[in-house]
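Visitor: Here is my input, please return the structure:
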Amino acid sequence: MLARLPHTAVVTSPSAPVALRSIRGAMVAVWVAAALAVAWIAAAVRWHETLLHDMVLGTGVFFLPPTVFVFAMLVIGWRLQPQRRPAAFEVDGGAFVAPVATKWQAVNATTTLSHATGLVCTYGWQEPGNYIDLVVPRVGIPLMAVLFLVRVARLARRSGRIELRPEGLRVTSLFGVRELPWETVEAARYGQPTHTPNDTWVRPEFLAGAVNHYIGNPAARQAIGTAAGYEQLRAR
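Guide: Reported below is the predicted structural model:
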């Protein structure tokens, strides 16, 4: 499986440029987006009567930003789909590392904000006409806020990082780090592309092929985390 993949996998060092996966940069981008969303809501609260009675201002200020926000996040998210990710590991600290998809996680968090602004735009200023109009904003907006904070926490905790080590897998999630010896790794979870976490910045079939290789070849595990072992893995 691995040999048939495009040869985009290269051994990288911890000091190599990793702009797409910079957690600090992603966190800054998310909080800037959050600040802009809050500013937009504050402006809408302050001037909503004027905006709603002026077609140009209402469209350009009140309705257009949330629409563009949602559309932009969907487009960016599509560009970061798992099948468009590199077939590559980083070699770091005696492990083959499938790093965090920080840009993907940042987009998920920001998409939650875009949905919240959409709810404000749709339900925030109209008189409730039915039960749905009354419940949706009061439940949906707080729910979006909680979901946003959870996704920010996942980003901050580096959820999605998977390390292949000689002794097994080290998997980072929102709730901490799990050490999984090779003898207990479930191939159905980590050895199939469809079960590869979306938070991991590696092409699913590449990670699946590597995990299956080491499940079936215990003798090859001692070379994990070395340049020679990486070349052996690529040659399979």
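Visitor: With the flanking residues excluded, which residue is spatially nearest to R165?
Guide: Using Cβ to Cβ, 6 or more residues apart in numbering and skipping residues adjacent in sequence, the residue nearest R165 is A95, 4.7 Å away. Backbone N, C-alpha and C define where each C-beta goes, glycine included.
Visitor: from what I can see that neighbour touches I224, true?
Guide: Yes. A contact is recorded between A95 and I224 when judged using Cβ atoms under 8 Å, the distance being 6.7 Å.
Visitor: Give me the common contacts of the two.
Guide: L164, R165 (Cβ atoms under 8 Å, 6 or more residues apart in numbering).
Visitor: Give the other helices and strands that the helix ranked longest in the chain contacts.
Guide: Counting residues, the longest helix found in the chain (DSSP state H) is helix 23-52. Under the contact definition 3 or more Cβ pairs under 8 Å, 6 or more residues apart in numbering; DSSP states H and E, helix 23-52 sits against helix 64-79, helix 102-123, helix 131-156.
Visitor: on that earlier part again, look up how far R161 lies from the residue nearest to R165.
Guide: For A95, the distance to R161 under the criterion Cβ to Cβ, to the nearest Å works out to 10 Å.
Visitor: How confident was the prediction at the most centrally placed residue in the chain?
Guide: Note on the chain: the residue nearest the mean C-alpha position is Q105, at 2.4 Å, using Cα atoms, centre = their mean. The predicted local confidence for Q105 comes out at a pLDDT of 88.
Visitor: now E167
Guide: According to the predicted model, the pLDDT of E167 comes to 95.
Visitor: what pairs with the residue nearest to it when sequence neighbours are not counted across the strands?
Guide: Counting by Cβ to Cβ, 6+ apart, the nearest residue to E167 once its immediate chain neighbours are dropped is P181, at 6.3 Å. Listed beta-bridge partners, P181: G168 (assigned using DSSP bridges).
Visitor: thinking P181 is in contact with G168, fair?
Guide: Yes. When contacts are counted by Cβ under 8 Å, P181 is listed as touching G168 (4.1 Å).
Visitor: quick one, which of the two is more surrounded?
Guide: Neighbour tally, P181 and G168, criterion other Cβ atoms under 10 Å: the higher count belongs to G168, 19 against 10.
Visitor: So that one sits against R178, correct?
Guide: No. Using Cβ under 8 Å as the test, G168 is too far from R178 to be in contact (9.7 Å).
Visitor: Please identify the buried residues of the longest helix of the chain?
Guide: 23, 26-27, 29-30, 33-34, 37, 40-41, 44, 48, 51 (16 or more other Cβ atoms under 10 Å).
Visitor: Kindly export stretch 229-236 (C-alpha atoms) in CSV.
Guide: As requested, the backbone C-alpha atoms of stretch 229-236 are provided in CSV (Å, rounded to 0.1, in the frame of the first residue of the first chain):
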residue,chain,number,x,y,z
GLY,A,229,13.2,2.7,9.6
TYR,A,230,11.3,5.4,7.7
GLU,A,231,12.9,4.4,4.4
GLN,A,232,12.1,0.8,5.2
LEU,A,233,8.5,1.7,5.8
ARG,A,234,8.3,3.7,2.5
ALA,A,235,9.8,0.7,0.6
ARG,A,236,6.9,-1.6,1.7
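Visitor: quick one: low-confidence parts of this protein?
Guide: With pLDDT under 70 as the threshold, the chain has low-confidence stretches at 1-21, 45, 48-63, 121-133, 186-197.
Visitor: quick one, the longest helix of the chain and helix 102-123 angle?
Guide: Here the directions of helix 23-52 and helix 102-123 differ by 10 degrees (axes from the mean of the first three to the mean of the last three Cα atoms, to 10 degrees).
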